[in-house]
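K.L.:
please find the sequence and the predicted model below.
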Amino acid sequence: MHVDFLLSEEILRKWAGLTMQERVILFHRKFMNKKIAITSLRRLYLKNRVKRKKVRQHKGVPQQTLVDFPMNRQRILDQLRDAAKKGQEVVYQDEIGFSQKSMSTTTWSQKNNPIQIDQSKLMLPNITAVVSVSAKKGLVYLKI
């Protein structure tokens with residue numbers, strides 16, 4: 001039962017990016033009466049062909065967003081052209097987030113079964129910067 005738990009695809013995916021020490025702690029939290037050493041966990045993984053592999057990160061985009069994108073893009077381009085014809089100032093705004101904790105690029109995974117993680121599901125502390133600029137005034141707004 002415990003071996004099946006440790007080797008299950010669900011747990012390997014859920015624990016992707018965690019160190020062996022963190023995995024051992026989570027195992028003990030799940031099974032209070034059982035403990036496993038880091039070396040034992042590593043031997044179990046290797047015996048069952050679970051190896052360190054590169055983590056594939058992807059951004060989960062809702063299907064409706066993909067469907068609406070071409071229409072929304074064209075609408076915004078038309079609005080920008082209209083604003084330019086009227087002599088209105090266009091201000092561009094963007095944001096960027098910086099994570100304080102790096103996601104491990106490799107994790108333990110079974111043979112022929114790469115781990116893929118949706119970046120939006122990673123709950124990491126981050127710092128976000130919001131910036132607005134225009135052609136006439138340069139930097140209009142900066143907030144960190």
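P.N.:
Yes, it's here. Residues are numbered from 1 along each chain as shown.
K.L.:
not counting sequence-adjacent ones, nearest residue to residue 139?
P.N.:
residue 133 (5.6 Å; Cβ to Cβ, 6 or more residues apart in numbering). (Glycine included, C-beta is placed from N, CA and C.)
K.L.:
what pLDDT does the model give that neighbour?
P.N.:
Confidence at residue 133, expressed as pLDDT, is 89.
K.L.:
go on, residue 77?
P.N.:
At residue 77, pLDDT is 93.
K.L.:
burial measure for it, as a count.
P.N.:
Residue 77: 10 surrounding residues under other Cβ atoms under 10 Å.
K.L.:
give the next helix or strand downstream of the host helix or strand of it.
P.N.:
Secondary structure from DSSP states H and E places residue 77 in helix 63-85. Next helix or strand after helix 63-85 toward the C-terminus (DSSP H and E): strand 91-99.
K.L.:
surely residue 23 touches residue 14?
P.N.:
No - Residue 23 is beyond contact range of residue 14, at 10.3 Å (criterion: Cβ atoms under 8 Å).
K.L.:
neighbour count: the two, which is higher?
P.N.:
More neighbours surround residue 23 than the other of residue 23 and residue 14, with 21 against 13 (other Cβ under 10 Å).
K.L.:
I'd like the average pLDDT over the host helix or strand of the more buried one.
P.N.:
Counting by DSSP H and E, the element that carries residue 23 is helix 20-30. Helix 20-30 shows a mean pLDDT of 92.
K.L.:
show me what it is in contact with.
P.N.:
2, 5, 6, 15, 18, 34, 35, 36, 37, 38, 41, 42 (Cβ atoms under 8 Å, 6 or more residues apart in numbering).
K.L.:
so how far is residue 26 from the fifth one?
P.N.:
Spatial separation of residue 18 from residue 26 under the definition Cβ to Cβ, to the nearest Å is 7 Å.
K.L.:
now residue 88
P.N.:
Applying Cβ to Cβ to residue 88 and residue 26 gives a distance of 55 Å.
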